[in-house]
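Undergrad: Here's my sequence, what's the structure:
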Amino acid sequence: MTMFLKSRHFALACAVAGSLVFPIAAHSATLNVMQTEAPRSMDPGDQTATYTAALLDPMYEGLLKRDPDLSLKPALATEWSADASGLVWTFKLRQGVKFHDGTAFDADAVVKNFTRHLDTKRGLAASGRLRTFLEGVTAVDPMTVQFKLKTQYPAFLALLTTGPCLMVSPTADAAGTIGSKAVGTGPYKLAEYKSGEYVIQTKNSEWWGGALKGEDQIKWTWTAEPSVMNMALQTGDADVINPFPAAFATQVKANPEMKLSTTDGSAVFWVSLNTKLKPLDDVRVRQALNYATDRDGIVKAFMNGFATPANSPLAPVTPGYDKSLSPYTYDVEKAKQLLKEAGYPDGFAMSTIVQEQEARIGELLQAMWAKAGVKLEVRKMEGGVWSKAAFQDPAGKEKDNIGSSIASWSSGVNGADLQFRPLYYSKSASPAGANLGFFADAKLDELIDKAASTLDEKARNAIYVDAQKLVNDQAPHVLLYTKQDLFATRASVKGAWVIPGGLIVVKDAKKQ
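TA: Residues are numbered from 1 along each chain as shown. Modelled structure (predicted):
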């Protein structure tokens, strides 16, 4: 769920009992937003979870931003340019901006924000996205910064709108409090964070952008129970639900007091197979599990049809996606034959870990794979426990006998590199990245690097077609589906929209 797999870092605030409370003025109106999970961190650069990114969005800004039409627009930078090589980028910064704690936003702040991600000792969850291609950032003058890239990177500007490139207060970061107390430059600031219960954000009266369109405050809550989410919308306890449970989507669509938004998403759901454990180290076994998976059945049973069976590691909305691919039909006999060839004529036993809200996927796979002789143990976990288990190193997973992990990842509209590199690149093996099954293939690494530095879009997409075919053939994942982005609001709410992948933007939303 990254844009954005559930992050391996649980928020510091989630580990501390009690709550952080800051003065709250009297508010005339509150927008109540409910999501499926609690925030993983208040630091946008130390998490990769989509729904955490949505909660942080009103409080943080990057040098660039996305508009509702998904185009890139100036934010904390007012203009930018690249040299002839495409390796040196210069940005002019917006004057008069301050962080919520009063720290000045300037070139020094930008340099410190990116330097923390280039420091491998920091271990921030989202840093890997930058270290791949970013050599360094320097201050040209107090309001001008210069980025030097290691290689040309077509998705560079798009990446500047994502988590690791959102500006946090250097003062708060140095104090070590940014993980539990958000301090950005955005139109809303943190008012109260009661761990495990809610987050309240209030308007930033000193925001550089002027008068805000949204409500006086935004209150975020969360639950993994679909029925609770549906009831909260029905009763008006929640104004916005994200993502809205597919099981109730048709019901809400027919209710004039509510509004259902359905758009093509970019989150691909999959089962990451531990390629370091027998028998999953055998490609024939991994392929067998793919043949034993009824993707259409999962889409119908779990997503009520609001999804597309996955034929590729990329979502259909991602540039480079090849719709002609059809690597695995549902074929139990083919699965049995492959298992027999691999030396497992009677099948084998394995485990998977899954977060509570997606436990039904594990149960469906359990029944499907049993037909091929595979006994699947499904371990349901609360989000933070799952993150810790999923991002262990090979020794940790072997000790805990974790054969697979059910999860999802979204690169949003930021390019195929942000789907391939975190999930399949050898250096992204957990705990360093989201390659949860430790898959390593030198040819794929070469394709990923080559595509990332290819400026010609047609040539780049051709490379990504080859990469998709290789991943499908090697089957490090059992690909499941790409979900549609569903969110629901009360009919009176205007101005909420979603970035493909499920990141809802509510800072301009208002009840009318």
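Undergrad: Return the set of buried residues in the longest helix that the chain contains.
TA: Determined from DSSP state H, the single longest helix within the chain is helix 457-474. Residues of helix 457-474 classed as buried by neighbour count (16 or more other CB atoms under 10 Å): 460-461, 463-465, 467-468, 471-472, 474. (Glycine included, C-beta is placed from N, CA and C.)
Undergrad: what's the closest non-adjacent residue to V240?
TA: In this structure, V240 finds its nearest non-sequential neighbour in V33, 4.5 Å apart by CB to CB, 6 or more residues apart in numbering.
Undergrad: Need phi/psi at that neighbour.
TA: Dihedral pair for V33: phi -120, psi 130, per degrees, to the nearest 10.
Undergrad: what's the answer for K336, then?
TA: phi -60, psi -40.
Undergrad: Contacts only, for V378.
TA: Applying CB atoms under 8 Å, 6 or more residues apart in numbering, one finds that V378 lies in contact with 351-352, 354, 359, 362-363, 365-366.
Undergrad: In JSON lines: those, plus pLDDT.
TA: JSON lines is the format used below for the contacts of V378 (pLDDT from 0 to 100):
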{"residue": "S351", "pLDDT": "98"}
{"residue": "T352", "pLDDT": "98"}
{"residue": "V354", "pLDDT": "97"}
{"residue": "A359", "pLDDT": "93"}
{"residue": "G362", "pLDDT": "97"}
{"residue": "E363", "pLDDT": "97"}
{"residue": "L365", "pLDDT": "98"}
{"residue": "Q366", "pLDDT": "98"}
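Undergrad: Which single one of those residues is nearest to P164?
TA: Of all the contacts of V378, V354 has the smallest distance to P164: 26.8 Å, by CB to CB.
Undergrad: wait, what's in contact with the closest one?
TA: V354 makes contact with 361-362, 378-381, 386, 405-406 under the criterion CB under 8 Å, 6+ apart.
Undergrad: how about it, secondary structure?
TA: Following DSSP: H, G, I helix; E, B strand; the rest coil, V354 is assigned to strand.
Undergrad: how much space is there between it and M381?
TA: Look at V354 and M381: by CB to CB, to the nearest Å, they are 7 Å apart.
Undergrad: same thing with M258?
TA: Distance from M258 to M381, by CB to CB: 32 Å.
Undergrad: Tell me what M258 is bridged to.
TA: Counting by DSSP bridges, M258 forms beta bridges with R490.
Undergrad: can I get the CA coordinates of stretch 389-403 in CSV?
TA: Extracted in CSV, the C-alpha atoms of stretch 389-403 (Å, rounded to 0.1, in the frame of the first residue of the first chain):
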residue,chain,number,x,y,z
ALA,A,389,8.3,-9.4,10.4
ALA,A,390,8.1,-8.6,6.7
PHE,A,391,11.3,-6.5,6.7
GLN,A,392,13.5,-9.0,8.5
ASP,A,393,16.7,-10.2,6.9
PRO,A,394,17.0,-13.7,5.5
ALA,A,395,18.3,-15.2,8.8
GLY,A,396,15.3,-13.6,10.7
LYS,A,397,12.8,-15.0,8.3
GLU,A,398,14.4,-18.4,8.3
LYS,A,399,14.3,-18.4,12.1
ASP,A,400,10.6,-17.5,12.0
ASN,A,401,9.9,-19.8,9.1
ILE,A,402,8.3,-16.9,7.0
GLY,A,403,7.8,-18.3,3.5
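Undergrad: Buried residues in that stretch, which are they?
TA: Residues of stretch 389-403 classed as buried: 389-392, 397, 402-403 (neighbour count, 16+ other CB under 10 Å).
Undergrad: do stretch 242-257 as well
TA: By neighbour count with 16+ other CB under 10 Å, stretch 242-257 contains the buried residues 242-246, 248-249, 252.
Undergrad: would you turn the residues you listed into TSV with secondary structure?
TA: Formatted as TSV, those follow (three-state DSSP):
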residue	secondary structure
N242	strand
P243	coil
F244	coil
P245	coil
A246	helix
F248	helix
A249	helix
V252	helix
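Undergrad: and of these, the nearest to G305?
TA: Checking these one by one against G305 (CB to CB), the nearest turns out to be A246, at 7.7 Å.
Undergrad: thinking the closest one is in contact with K300, fair?
TA: No. Judged on CB atoms under 8 Å, A246 makes no contact with K300 at a distance of 10.3 Å.
Undergrad: picking that back up, can you tell me which of the buried residues of stretch 389-403 end up in helices?
TA: Among the buried residues of stretch 389-403, the residues falling in helices (DSSP H) are 389-390, 397.
Undergrad: Redo the residues you listed as TSV? Include distance to Y321 and pLDDT.
TA: Output for those, formatted as TSV (distance: CB to CB, whole Å; pLDDT from 0 to 100):
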residue	distance to Y321	pLDDT
A389	31	96
A390	26	96
K397	30	97
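Undergrad: just to revisit the earlier point, just the ones in strands from the contacts of V354, please.
TA: With DSSP state E as the criterion, strands contain 378-381, 405-406 from among the contacts of V354.
Undergrad: Determine which two of those residues are furthest apart.
TA: For these, the maximum inter-member distance is 12.4 Å, found between K380 and S405 (CB to CB).
Undergrad: Can you pick out the residue with more neighbours from the two?
TA: The residue with more neighbours, out of K380 and S405, is S405; 30 against 17, by other CB atoms under 10 Å.
Undergrad: OK, contacts around that one?
TA: By CB under 8 Å, 6+ apart, the contact list for S405 reads 271-272, 352-354, 386, 389-390, 436-437.
Undergrad: Specify the local secondary structure of P327.
TA: Three-state assignment for P327 (three-state DSSP): coil.
Undergrad: That one: neighbouring residues, count only.
TA: Using other CB under 10 Å, P327 has 17 neighbouring residues.
Undergrad: thought it was touching R286?
TA: No. Look at P327 against R286 with CB under 8 Å: they stay out of range, at 11.7 Å.
Undergrad: before we move on, the earlier item: from the buried residues of stretch 389-403, pick the one nearest Y344.
TA: G403 (13.5 Å).
Undergrad: Please identify which helix or strand holds the nearest residue to that closest one once chain neighbours are set aside.
TA: Closest residue to G403 apart from its sequence neighbours, by CB to CB, 6+ apart: M350 at 3.7 Å. Per DSSP states H and E, M350 falls inside strand 348-355.
Undergrad: Extract the CA atoms of that strand and return them as PDB.
TA: Output of strand 348-355 as PDB, limited to C-alpha atoms (Å, rounded to 0.1, in the frame of the first residue of the first chain):
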ATOM      1  CA  PHE A 348       4.700 -29.100   0.600                       C
ATOM      2  CA  ALA A 349       3.900 -26.800   3.500                       C
ATOM      3  CA  MET A 350       4.700 -23.100   3.800                       C
ATOM      4  CA  SER A 351       3.500 -20.000   5.600                       C
ATOM      5  CA  THR A 352       2.500 -16.400   4.700                       C
ATOM      6  CA  ILE A 353       2.100 -13.300   6.900                       C
ATOM      7  CA  VAL A 354      -0.700 -10.800   6.200                       C
ATOM      8  CA  GLN A 355      -2.100  -7.800   7.800                       C
END
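Undergrad: pLDDT weak spots in the chain?
TA: For the chain, the stretches with pLDDT under 70 are 1-28.
Undergrad: Quickly find the element holding Y51.
TA: Remark: Y51 resides in helix 50-56, with elements defined by DSSP H and E.
Undergrad: State the next helix or strand along the chain beyond that helix.
TA: Downstream of helix 50-56, the first helix or strand assigned by DSSP H and E is strand 64-66.
Undergrad: From the chain's centroid, how far away is that following strand?
TA: Computed by CA atoms, centre = their mean, to the nearest Å, the chain-centroid distance of strand 64-66 equals 17 Å.
Undergrad: Could you do stretch 82-97 as well?
TA: Chain-centre distance of stretch 82-97: 27 Å, with CA atoms, centre = their mean.
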